[in-house]
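Undergrad: predicted model and sequence below, questions to follow.
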Amino acid sequence: MRGVDLGRTPFDFDLTFAALLMHPDGHVYHRYGARDARSADRWLDEASFADTLRAALDAHDAYGLDPHPPAPRPRRVIEEIPAFRKRDKGQCIHCHSVFPAFYEEARDAGAWTEDARWVYPPPSRIGLDLARDDQTRITRVAAGSSASAAGLVAGDRLLRVGDAAVRTVSDLSQALHDASPAAQGLRVAFERGGEERTVSLALADGWKRGTPREFAWRPFKWGFTPAPGFGGTALTDAERAAAGIALDAFAVRVTYLVTWGDNARYGRAAASVGLREGDVLLAADGKRDFDSEAHFHAWWRLTRKPGDTVPVEVRRGEATLTLEITVLP
Amino acid sequence: MLHAMKTLVTLALALLFGTSWFGARSVRGDVEWETNLDEAFVAAGESGRPLLIVFR
């Protein structure tokens, strides 16, 4: 990302593949590349990519009749953000370095808000799931969701959210990202039976906030504090069998306690109550339904607050221990 | 148009195996590469063609 103008090409910087189809004046026709908790390539599909490219070429032809470039933004590159500069070693800057730089910059300026964590909400945030090969087509509407209340049903095809044309999950996610956390509603245009319709989607207070499970895939989570101060790897099936732990249970062997960098205090706090490398983490605060170590980290970093005491259940040999870790600022 | 689109798809898939980010512009089915994003914007502005930018 070195030298890339972040204001001119905004996208979900946590992604491993993101495509922007745009006019050189900054107007983005469509975006491609998204991800969710299910898999890294959940939304990458050759057919839908080809459709998106075709749609972008058509949009480009039409745009010449009514150009409406976005307001110019000041040039901004990551290596000039002070929070990042202190870590810049002159090497390749990965895309996922951008969100943590924004976070630290806002936090240091006292301008960080809880809502700002929830970047690029997935379709599920408003209750939608879409087809992979035609990402305008709704395949499921969650009961009780905003989309359900607005009357959207499976089979409807999204056309626009607000003023943004929607062709892909990435387009939808960008529209949700751009919407204010204080927004009360979203105007959604869709097609049903060949007829275009529009509904207003009501948004509840806090609608931008998701769940640790949904957030777990994001590299962004590693930048948040407080941190647990330790981590490890999931037990193999053979290790579970030997330890008498169910195959589908959460079980992570602690392979490190953080003793370096800005988060060393968290590692010391965990060590001070007796946590050791080799312990097997089974639960935290009574919660056992973590999907992965990443989910555990996202949960801790997004939901624990300084001053909390977190009982952590670990297996050590034949014994099961509960260690109470105090969460530091 | 169809040839241009196929070329773009081929290019975009090829980018999956690239090493960094690229800018690219399409000129009537022929694709020119720009590995400098600023220059890609300038070139697209001059040619009147859309940009396909892939970050990975």
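TA: Thanks, I have it.
Undergrad: and the closest residue to B:Arg56 other than its chain neighbours, what's its pLDDT?
TA: Nearest-residue entry for B:Arg56: A:Phe17, 4.9 Å, with adjacent residues in sequence omitted and distances by C-beta to C-beta, 6 or more residues apart in numbering or on different chains. C-beta here means a position set from N, CA and C on the backbone, and glycine is covered the same way. Predicted confidence (pLDDT) for A:Phe17: 92.
Undergrad: next: A:Lys89.
TA: The pLDDT attached to A:Lys89 in the predicted structure is 88.
Undergrad: number of residues surrounding residue 38?
TA: All of this refers to chain A. For A:Arg38, the count of nearby residues is 11 (other C-beta atoms under 10 Å in any protein chain shown).
Undergrad: not quite, I wanted chain B
TA: Residue neighbour count, defined by other C-beta under 10 Å, stands at 14 for B:Asp38.
Undergrad: for A:Asp178, same thing?
TA: Counted with other C-beta under 10 Å, residues neighbouring A:Asp178 total 14.
Undergrad: give me every residue that touches it.
TA: Contacts were defined as C-beta atoms under 8 Å, 6 or more residues apart in numbering or on different chains; by that measure A:Asp178 touches A:Gly162, A:Ala164.
Undergrad: again with A:Val28
TA: Contact criterion C-beta under 8 Å, 6+ apart gives A:Leu20, A:Leu21, A:Met22, A:Gln174 as the residues in contact with A:Val28.
Undergrad: again, but for B:Pro50
TA: Contacts of B:Pro50 were listed using C-beta under 8 Å, 6+ apart, and they are A:Leu21, A:Met22, A:His23, A:Tyr29, A:Ala56, A:Leu57, A:His60, B:Arg25, B:Ser26, B:Ala44.
Undergrad: isn't the residue nearest to B:Arg56 up against A:Trp43?
TA: No - because the distance of 9.4 Å does not satisfy C-beta atoms under 8 Å, A:Phe17 is recorded as not touching A:Trp43.
Undergrad: looking at the two, which one has more neighbours?
TA: Under the criterion of other C-beta under 10 Å, the comparison of A:Phe17 against A:Trp43 puts A:Trp43 first, with 25 against 19.
Undergrad: please tabulate the contacts of A:Val28 in TSV, including the columns neighbour count.
TA: Formatted as TSV, the entries for these read as follows, by neighbours: other C-beta atoms under 10 Å in any protein chain shown:
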residue	neighbour count
A:Leu20	23
A:Leu21	24
A:Met22	25
A:Gln174	24
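Undergrad: select from these every entry located in strands.
TA: Judged by DSSP state E, the contacts of A:Val28 include A:Leu20, A:Leu21, A:Met22 as members of strands.
Undergrad: tabulate these (CSV), appending distance to chain B and pLDDT.
TA: Conversion of these to CSV gives the following (distance: C-beta to the nearest C-beta, whole Å; pLDDT from 0 to 100):
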residue, distance to chain B, pLDDT
A:Leu20, 5, 96
A:Leu21, 6, 96
A:Met22, 5, 95
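Undergrad: which one of those is nearest A:Val252?
TA: Relative to A:Val252, the closest of those is A:Leu20; by C-beta to C-beta it sits at 37.1 Å.
Undergrad: which residue packs closest to the closest one, ignoring adjacent ones?
TA: A:Leu20's closest residue in space is B:Ile53 (C-beta to C-beta, 6+ apart), at 4.6 Å.
Undergrad: tell me the bridge partners for that neighbour.
TA: With DSSP bridges applied, the residues forming beta bridges to B:Ile53 are A:Leu20, B:Gly23.
Undergrad: just checking, it touches A:Thr9?
TA: Yes - counting by C-beta under 8 Å, B:Ile53 does reach A:Thr9; the two are 6.2 Å apart.
Undergrad: so how far is A:Lys305 from A:Lys287?
TA: Here A:Lys287 is placed at a distance of 15 Å from A:Lys305 (C-beta to C-beta, to the nearest Å).
Undergrad: of the two, who's got more company?
TA: The residue with more neighbours, out of A:Lys287 and A:Lys305, is A:Lys287; 14 against 8, by other C-beta under 10 Å.
Undergrad: check contacts around residue 45.
TA: Defaulting to chain A. The contact partners of A:Asp45, by C-beta under 8 Å, 6+ apart, come to A:Arg132, A:Asp133.
Undergrad: my question was about chain B
TA: Applying C-beta under 8 Å, 6+ apart as the definition, the contact partners of B:Gly45 turn out to be A:Pro24, A:Asp25.
Undergrad: do the same with the one 10 residues further on
TA: Each residue near B:Phe55 by C-beta under 8 Å, 6+ apart is listed here: A:Met1, A:Thr9, A:Phe11, A:Leu15, A:Phe17, A:Ala18, A:Ala19, A:Leu20, A:Cys95, B:Trp21.
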